[in-house]
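Chemist: Provided below for reference: sequence and predicted model.
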Amino acid sequence: MAGIPPILLAGMGQDVTIEPFLGASGRGPTYGPAVVVRGLVERKRKRTRGTDGTDTSIETILRMPLDTVCPVDSRITIAGETATVAAAVPFDGGSLPVPSHLEVVLS
């Protein structure tokens, strides 16, 4: 399957604004221009341990088209709420009958 079925994105998806993280400067983080992407939003709470050993309460998981550019530390806005990308994992099903997508975890 090529990706998330368009009918699913149209019916259940939400507009997500992504400001891709470009790096840090002397004045703080820098972001690229904002891009609006349609994605599936799943809100839930669970505890996860970050790479630096700290615990984080994860509230939202996004599933977006596989070609979406959304590196870790990007800024995401959904329905007026802004969060930071804690992890971005591509799931490429290749020729398997599963939807290929980018799964983004917000903190």
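Modeler: Okay, I see it.
Chemist: Quick one: the helices in the protein, in order.
Modeler: 6-12 (DSSP state H).
Chemist: Now the spatially most central residue of it. Nearest residue, chain neighbours left out?
Modeler: The residue lying closest to the centre of the chain (Cα atoms, centre = their mean) is Val104, at 3.0 Å. Using Cβ to Cβ, 6 or more residues apart in numbering and skipping the chain neighbours, the partner closest in space to Val104 is Leu62 (4.2 Å). Quick note: C-beta positions are derived from backbone N, CA and C, even for glycine.
Chemist: Roughly how far does the one you found sit from Ala86?
Modeler: 11 Å (Cβ to Cβ, to the nearest Å).
Chemist: Overlap of the contact sets of the two?
Modeler: 105-106 (Cβ atoms under 8 Å, 6 or more residues apart in numbering).
Chemist: Looking at the two, which one has more neighbours?
Modeler: Leu62 (26 against 17; other Cβ atoms under 10 Å).
Chemist: by contact count, what packs against the lowest-mean-pLDDT helix or strand in the chain?
Modeler: Between all helices and strands in the chain, the lowest mean by mean pLDDT, DSSP states H and E belongs to helix 6-12, at a mean of 77. Contacts defined by 3 or more Cβ pairs under 8 Å, 6 or more residues apart in numbering; DSSP states H and E place helix 6-12 against strand 35-49.
Chemist: 10 Å instead, please
Modeler: Packing contacts for helix 6-12, counted by 3 or more Cβ pairs under 10 Å, 6 or more residues apart in numbering; DSSP states H and E, involve strand 35-49, strand 55-64.
Chemist: By mean pLDDT, show me the worst of the ones you listed.
Modeler: With a mean of 79, strand 55-64 has the lowest mean pLDDT of the helices and strands packed on helix 6-12.
Chemist: Parallel or antiparallel, list what pairs with it.
Modeler: strand 35-49 (antiparallel), strand 101-106 (antiparallel) (DSSP bridges).
Chemist: ok, and for the last one, which residues are buried?
Modeler: Same thing as strand 101-106. 101-106 (16 or more other Cβ atoms under 10 Å).
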